[in-house]
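Chemist: Fold the following and give me the result.
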Amino acid sequence: MLDGFVNQFRKAQSELQMFDSSHCDTMTGQDLTGQVLVMSPFTLKESYWAQENQLWLATGGFGCSPTAAGRAVYATCLGDGEHTRWDRSDFIGILREEHLPDWARESLEQIRQEAPTESPNMNTQSM
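Modeler: Below you'll find the model as predicted:
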């Protein structure tokens, strides 16, 4: 009976066509800033199991650095533009470019265009 339930679960999960580690490069030793990360489906509530909720653009945080002690990764969801904080361990890897869907590519371009650029005089004081 348990095998039947597990098989049904696996079949339903595969029909969602979610990303898994086979679509990713490892995060080990990598700076994650500016990378498209794949959220583990088990980090998300089951009602959010969809590709649109798995892809996040890492924007900062100590968790982006492979050598920092911190775990916080600040990121923007490519599906809906939400900005939030996750732990580095909530992601399964860096999405390989060839697996980036067209909708995500468009969202990524839009997010990068909207990102504020630093002015060269931004950190100088004037009187």
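Chemist: pretty sure W103 is in a helix, no?
Modeler: Yes - under the criterion used here (DSSP: H, G, I helix; E, B strand; the rest coil), W103 sits inside a helix.
Chemist: ok, it - contacts?
Modeler: With contact set as CB atoms under 8 Å, 6 or more residues apart in numbering, W103 has these partners: 52, 78. All C-beta atoms are positioned from the backbone trio N, CA, C, and that covers glycine.
Chemist: That one and W49, how far apart?
Modeler: 17 Å (CB to CB, to the nearest Å).
Chemist: and what of M39?
Modeler: On the measure of CB to CB, M39 and W49 end up 10 Å apart.
Chemist: Which one's more surrounded, those two?
Modeler: M39 (20 against 15; other CB atoms under 10 Å).
Chemist: what's the least confident helix or strand in this protein, going by average pLDDT?
Modeler: helix 2-15 (a mean of 61; mean pLDDT, DSSP states H and E).
Chemist: Which strands and helices lie in contact with the following helix or strand past it?
Modeler: The helix or strand immediately downstream of helix 2-15 is strand 24-25, counting by DSSP states H and E. Applying 3 or more CB pairs under 8 Å, 6 or more residues apart in numbering; DSSP states H and E, we find strand 24-25 packed against strand 91-95.
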